[in-house]
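J.: pasted the sequence and its predicted model underneath.
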Amino acid sequence: MFQISRKKTRTSMTALMLALLTGCNGASDDGNGPSDNSSTEPNPPSGASSILSAENTVNLSRNMSSSHVLLEGKIHSPSQDGSSIVSSVRPVTELESCKDISFDSTGYTVNFDDFVGVCVYKYDAENSNEPEQKASAYAISVAQKSIGSEVSFFTPISDTTLVGQPLTIDLKNDPSFVTQVPEGYTMDQEITLIGEGEATADKSAQTVTYNPTQEGGFAKIIYSYSNGSEVKLGYIAISVSSSPNTAPNAPKIDYSNDPLVEKVYVNEEREIDLSKYVSDDDGDALQLIYTDSWNAAVSPSDTADMNNLKLTFQTTKVGEHFVSYVISDHYGGYATGLIRIEVYDPESEPSWGNLQLDMKYYFAPLVKSEADAQGATYTSTHIDAQANNANVATFNLQQAKQLCTASGRLPTLDELNTLSKIGGVGPAVYDGWPVEIDYWALDGSDASIVNLTSGATGETPNAGGQYVTCVGEGGYLIDTAQSKLVAIGDGVDQASVAVKATFNGEPLEGIVVKATVTGSANLANTSLVTDAAGYAIFTILDTISEQVTFVTNIENSTSTRSAQLHFTGNPNTAELNLKALIDNQPLTGVNVFSAILQDAAGTPVAGQVIEYSQNPDLTYIPAEEQTNQDGSQQVSVQLKNPGSESYNYIVHAEYARPDGTITSDKLQMRFTANILNPYLESTKDLATPPDVNMVTAVFSSMPDPTNNSVTFEILTDNGEAVFSNGQRKIKIDANKVTKRATAEIKYVGSGGKPKGYLVDAYTEDGQRTAAVAQNFDPVVLGKQRMYKQIRIDEPKPFGYICPTRNSGWEGGAEPINIYDDLTEAGVRPKDVVAIGWKEEPGFTGNEPRHPVYGLSSPTRVSGNQGFQLWFNPRHEEWRSELAHELEYRICSKSRT
């Protein structure tokens, strides 16, 4: 068996390749150069041609006229021995309108007909005294009907492809591109390719398609949009890598947004190192082989260094610049990227800066040179006399919204009103802000203008636009990862809180941070200043175990942040205990246990991590990551794949003390297949003895019919209620069909009023119902009979014998004497009143008035009179005497 290996061979970047498309230095007769894919080790390209350099240029010309383009200022040579001259100029764009040109040593002359569009020319330069010094670059002439403004550019586009893989750039469906197309402009059909391959444009679809050659390299496509009078120019930079080599990574670089980068000024030569931005997944060394920019001189810093990743940049033009760059891994892998650079005029910088109020940052209004440098679109400018005659940019509402998208948003009316009072004097006095024109405010979709001198709302917007300040939300947070929120409450161990201040994600240095803490804890400092990383770190001590609240705020801010600090027991003496909180849940339910940590003194140990042995059948879900202030951590447990049988398991937990020792505990728990309903049914209550009460336990599910027994228990030990077995406990198997088990409860008391009782039920696995209260019928129990008091006209209770007015007995024969039966049972008036019997006044013969309980016998009736039941307290006895008409009667039945 043979193995085929692909050994990567480093390919040389020749001087001709370096000159490809450059506009920086080096000579080329046609602007194109091959890529040498030989397998030999490369030699560094010659640096001789770098003595003379030329830069790309873009110029505006009026159509239907002749114009001369000066190039001598674009040719650079350190030699003082001779003059740099233009040696040739030839069109690259294949349009007839671009071919009417002539050149001399200073530049070239174009004669445009009725043509609105773009012509690309390549020019060569040389030193007249040293002809071997040569350079090439590109000059672009933009023909318009009007030349009153500068050439307008689209943001450059960069992309990559592989050899043999066509690439289509869909401009119409690129959201970031379509917003740059001016109203009324359409894509021009003519495009210009610089480099190898083929490029075509589809005007209607607004696409550009590039077909690379069979070798890796780089190409640039110049395209344009126009409205018949004016033109907007753009280009696409494409790198082509040789498959299967992995291409390097060349990102878009926002150089001016790098917080470590200083401002770039006009006429300043700036060296930019790309090494921290670019990379290669294969780990290959990279080389910067190409740079390009409109209206700027750019070139690799050292073309002889095959590991060079530095370039030089210089321009005379204020504004936003884009540099295309290409890197190579020397193995056929290429990548292209873009660098965005803002260029400022040092003589036009404003005297004011950004302002901070309550963690909101108000960005300084832009002067014209700053707006140009940032590529901001504005309506006009205003010379503000109160701001040292600064030329301040003004914006319409849409432009203002667009300006603020990068740094935040437009301020609200209330925010500008607050800003107008900053320092008690307003922004003009406080920091020299321009205030002669009102500022834009935006509340939702409602726009308004605000005068920053008075804070008043303006009525009529300025025709030339308004001043703009954007609001950026500053931020600060408690960085818990950098904080120590748990400490021993011994007055020695320190807790710490790291507060970080940022703005748009970047650290803020020099911000004053204040703090307070509750409880008995003490702060080492109540005010600190953030360091270069944006941090202010507070330390806190406490002498007791408690949870305290740390609160912080930024100076000049009412917004606060807080954190809970746990001062706790000594973790080195902690002991771990497990306790079941919810157990015996259904197979699909959730059991809950608590892990508790306490030190040797019984003090809770908070903020600690407890480890639990993993069971492949179970899922452990801690309520918190650490023990809480009570030293406990609740953990929920679920079965991953519930079956049909009960599942027993043991929880194993351990805690590693800081000194390296271990404390552990275990807990037996269970998931139950048969689920007992937690509520016991009171099937029959208030039975009249000897009838029985009944309670029923119900299984809500019973997949395991072999474990169906239920134990009922009478919880009240009053000696009057027992189960059918004569005991206070009874075990009964539930019906396997109905899933119900019913227990009977009988009364075994001796007399008086039956007492109530509580009963519950439980299973062998520990499931228990709530207790239910029951009682027997509230009757008065004599020795032989039981008695009820009812109204005279109330129907006779079932099974009872009742006396009737002016007649005999209803329901049977005459019973025994009630007063003798009650006396023998020891029943007293308090017993009958306790179950609700009513007393009514009565008298008998010479006896004084006394409480009467009702008609007890109709015997010897005389008129409406009958025998009443009453109690003679003097003789401590019940009596039954003839009385007047009564409202109640007393019914009875046998107790057997």
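T.: Perfect, I can see it now.
J.: number of residues surrounding Asp414?
T.: Counted with other C-beta atoms under 10 Å, the neighbours of Asp414 add up to 12. C-beta: built from backbone N, CA, C; applies to glycine.
J.: hmm, I was thinking of Leu528
T.: Neighbours of Leu528 using other C-beta under 10 Å come to 19.
J.: where does it land in three-state SS?
T.: Secondary structure state of Leu528, per DSSP: H, G, I helix; E, B strand; the rest coil, is strand.
J.: identify the residue spatially nearest to it, adjacent ones excluded.
T.: Closest residue to Leu528 apart from its sequence neighbours, by C-beta to C-beta, 6 or more residues apart in numbering: Ala536 at 3.9 Å.
J.: measure stretch 188-207 end to end?
T.: Across stretch 188-207, the straight-line distance between its terminal residues is 11 Å, by C-alpha to C-alpha, to the nearest Å.
J.: for it, the averaged confidence score.
T.: Taken as a whole, stretch 188-207 carries a mean pLDDT of 94.
J.: give me the residues contacting that stretch.
T.: With C-beta atoms under 8 Å, 6 or more residues apart in numbering as the contact definition, stretch 188-207 has outside contacts at 20-21, 31-32, 92-93, 95, 117-118, 120, 138, 168-172, 186-187, 208-213, 215, 217-226, 231, 240.
J.: only the buried subset of these, as a PyMOL command please.
T.: For the buried members of the contacts of stretch 188-207, the matching PyMOL selection, counting by 16 or more other C-beta atoms under 10 Å, is:
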select buried, resi 20+21+31+32+92+93+117+118+120+138+169+171+187+208+209+210+212+213+215+217+218+219+220+221+222+223+224+225+226+231+240
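J.: now the end-to-end length of stretch 458-473.
T.: When the termini of stretch 458-473 are compared using C-alpha to C-alpha, they are 25 Å apart.
J.: mind listing what's buried in it?
T.: Neighbour-count burial for stretch 458-473 flags 458, 461-462, 465-472 (criterion: 16+ other C-beta under 10 Å).
J.: in TSV, list these along with secondary structure.
T.: Rendered in TSV, the data for the buried residues of stretch 458-473 read as follows (three-state DSSP):
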residue	secondary structure
Gly458	coil
Pro461	coil
Asn462	coil
Gly465	coil
Gln466	strand
Tyr467	strand
Val468	coil
Thr469	coil
Cys470	coil
Val471	strand
Gly472	strand
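J.: nearest to Met306, of the residues you listed?
T.: Gly472 (43.2 Å; C-beta to C-beta).
J.: who touches that closest one in this structure?
T.: 360-361, 363, 407-408, 503-504 are the contacts of Gly472 under C-beta under 8 Å, 6+ apart.
J.: and it, what are its bridge partners?
T.: Under the criterion DSSP bridges, Gly472 forms beta bridges with Tyr361.
J.: which residues touch the residue nearest the centre of the chain?
T.: Central residue check for the chain by C-alpha atoms, centre = their mean: the C-alpha nearest the mean position is that of Leu477, 14.5 Å away. In this structure, Leu477 makes contact with 499-500, 502, 561, judged by C-beta under 8 Å, 6+ apart.
J.: can you list the buried residues in stretch 776-791?
T.: The neighbour-count check on stretch 776-791 (16+ other C-beta under 10 Å) flags 776-777, 779-783, 785-790 as buried.
J.: show me which pair in the residues you listed is furthest apart.
T.: Spatial extent of the buried residues of stretch 776-791 (C-beta to C-beta) is set by the pair Lys783 and Ile790 at 21.6 Å.
J.: how does the chain divide up, domain by domain?
T.: 15-144, 346-469, 475-568, 571-669, 675-774, 785-894 (automatic domain parsing).
J.: average pLDDT for the shortest one?
T.: Here domain 475-568 scores 89 as its mean pLDDT.
J.: contacting residues for the closest residue to Ser301 other than its chain neighbours?
T.: Nearest residue to Ser301, sequence neighbours excluded (C-beta to C-beta, 6+ apart): Lys310, at 4.0 Å. With contacts defined as C-beta under 8 Å, 6+ apart, the neighbours of Lys310 are 271-275, 288, 300-302.
J.: just the pLDDT for Lys310.
T.: As summarised for this prediction, Lys310 has a pLDDT of 96.
J.: what about the residue nearest to Leu528, helix or strand, and which?
T.: Take DSSP states H and E as the rule and Ala536 turns out to sit in strand 535-541.
J.: so which elements touch that strand?
T.: Secondary structure elements in contact with strand 535-541, counted by 3 or more C-beta pairs under 8 Å, 6 or more residues apart in numbering; DSSP states H and E, are strand 495-503, strand 512-517, strand 522-523, strand 527-529, strand 546-554.
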